[in-house]
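Student: quick one: sequence plus predicted model below, questions after.
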Amino acid sequence: MQTKPFRIGTRGSPLALAQAHETRSRLMAAHGLPEAMFEIVVLSTKGDRITDRSLALIGGKGLFTEEIEAQLSSGELDFAVHSSKDMPTKLPDGLHLSAFLPREDVRDAFIGRAAKRLLDLPQGATVGSASLRRQALIRRLRPDINVIVFRGQVDTRLAKLAEGQADATLLAYAGLKRLGKLDVPTEILDPVSFPPAPAQGAICIESRTGDAQVNGLLAAIDDRATRAAVTCERGFLATLDGSCRTPIAGYATEEGEHLQFRGMILTPDGSRYHEIETSGPAGNAGQLGEDAGQAIRDKAGADFFESWG
Ligand SMILES: NCc1[nH]cc(CCC(=O)O)c1CC(=O)O
């Protein structure tokens, strides 16, 4: 019987801390363990320190995970809590995603000052977002809109909006909900016309593949449906790119043992896009996503990908 507390790695942003606390609560409930059995260890990542540039410019995926994964691999942490959306598609050797918590709302939230809906923005309005997917999706629907880079934690972005640096911004509804900011969105975007990022809204837990005790502990809180959906979406992403330097959207939903997947790729200016819709057995989630990635790549043709640089 373990007596030393489990060491849980997390970033220090309010959202990351909320996710670590939710994970700890679920583990306490599942195993009847006291809070004292879990120590939350806050680490700073490159993504937290660099907030003035777009993630695409400073290197994309891995920015929010590298420091934490190094401490997992070395044994200083027992497991780490992440936003699945921030996870590179390829993990370091010896680490794996050992649990997924039940998914929050996958949709993007629109937060407007005067205009409350994306399509109600006046001609030439300014929208703040650092996400290439959101930028391209906005331009697909509203080529007249001027998209500016908005980065930083949720409160920073909302403050920039309140100061008038933009007419609107977009954030993951899941993050706002976890922060208790349910009344902040002025519109929840439809996931067909404004599809979410692969793995959006899902908390995952990363641990060492060989750590049977920790993996056993985490297995008790793994949500099968979320795992299947996120595995499918990450398969799609891995086939197409795996960085966050490209406008890729995709989401899977599970009904019974069946996964339904929709994916979209866009040129950064949103002037061209391709969609794919597939379904298959949830047991084959990763392959379903990878096949969808291959199919959309064939459909788009090589010249489409020149726009991704
Ligand atoms: N890269 C930032 C990031 N990573 C995960 C979330 C939201 C929470 C989630 O999708 O689980 C966010 C903020 C946002 O997109 O608004």
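Tutor: Alright, I've got the coordinates. Residues are numbered from 1 along each chain as shown.
Student: what does the stretch 101-250 of the chain have sitting close to the ligand?
Tutor: Residues of the stretch 101-250 of the chain lying close to the ligand by Cβ under 6 Å from any ligand atom are 171-172, 174-175, 200-201. For glycine as for every other residue, the C-beta is placed from the backbone atoms N, C-alpha and C.
Student: and Leu57, what pLDDT?
Tutor: Per-residue confidence (pLDDT) for Leu57: 60.
Student: how about Gln19?
Tutor: 98.
Student: that one: what's it in contact with?
Tutor: By Cβ atoms under 8 Å, 6 or more residues apart in numbering, Gln19 lies in contact with 10, 81-83, 178, 203.
Student: give the contact list for Ala225.
Tutor: By Cβ under 8 Å, 6+ apart, the neighbours of Ala225 are 102-103, 254, 282.
Student: against Glu255, how distant is it?
Tutor: As judged by Cβ to Cβ, to the nearest Å, Ala225 and Glu255 stand 9 Å apart.
Student: what's the answer for Ala16, then?
Tutor: Relative to Glu255, and taking Cβ to Cβ, Ala16 is found at 31 Å.
Student: out of those two, which sits in the busier spot?
Tutor: Counted by other Cβ atoms under 10 Å, Ala16 and Glu255 do not tie: Ala16 has more neighbours, with 27 against 10.
Student: and stretch 292-303, what's buried?
Tutor: Neighbour counts over stretch 292-303 (16 or more other Cβ atoms under 10 Å) mark 292-293, 295-297, 300 as buried.
Student: quick one on the thing from earlier: what about the residues of the stretch 101-250 of the chain next to the ligand, which are in strands?
Tutor: 171-172 (DSSP state E).
Student: could I get the residues of the stretch 101-250 of the chain next to the ligand as TSV with distance to Arg272, neighbour count and pLDDT?
Tutor: Output for those, formatted as TSV (distance: Cβ to Cβ, whole Å; neighbours: other Cβ atoms under 10 Å; pLDDT from 0 to 100):
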residue	distance to Arg272	neighbour count	pLDDT
Leu171	26	24	97
Ala172	25	24	98
Ala174	29	24	98
Gly175	29	24	97
Gln200	23	27	98
Gly201	27	26	98
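Student: out of the residues of the stretch 101-250 of the chain next to the ligand, which is nearest to Lys90?
Tutor: Of all those, Gln200 has the smallest distance to Lys90: 19.1 Å, by Cβ to Cβ.
Student: give the contact list for that closest one.
Tutor: Per Cβ under 8 Å, 6+ apart, neighbours of Gln200: 84-85, 106, 108, 172, 174, 251.
Student: Gly94 now?
Tutor: Gly94 touches 73, 208-210, counting by Cβ under 8 Å, 6+ apart.
Student: start to end distance for stretch 31-46?
Tutor: 34 Å (Cα to Cα, to the nearest Å).
Student: follow-up on the earlier one: any chance of the residues of the stretch 101-250 of the chain next to the ligand in a markdown table, plus distance to Gly62?
Tutor: A markdown table is the format used below for these (distance: Cβ to Cβ, whole Å):
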| residue | distance to Gly62 |
| --- | --- |
| Leu171 | 22 |
| Ala172 | 19 |
| Ala174 | 21 |
| Gly175 | 20 |
| Gln200 | 18 |
| Gly201 | 20 |
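Student: out of the residues of the stretch 101-250 of the chain next to the ligand, who's nearest Gly216?
Tutor: Checking those one by one against Gly216 (Cβ to Cβ), the nearest turns out to be Gly201, at 26.3 Å.
Student: is it true that the closest one touches Val106?
Tutor: Yes: assessed by Cβ atoms under 8 Å, Gly201 is found in contact with Val106 at 4.4 Å.
Student: okay, and the common contacts of the two?
Tutor: In contact with both Gly201 and Val106: 173-174, using Cβ under 8 Å, 6+ apart.
Student: show me what contacts the closest residue to the ligand within the stretch 1-150 of the chain?
Tutor: Of all residues in the stretch 1-150 of the chain, the one sitting closest to the ligand is Ser83 (3.5 Å; Cβ to the nearest ligand atom). Shown in contact with Ser83 (Cβ under 8 Å, 6+ apart): 15-16, 19, 64, 175, 199, 202-204.
Student: likewise Pro281?
Tutor: Pro281 neighbours (Cβ under 8 Å, 6+ apart): 257-259, 288.
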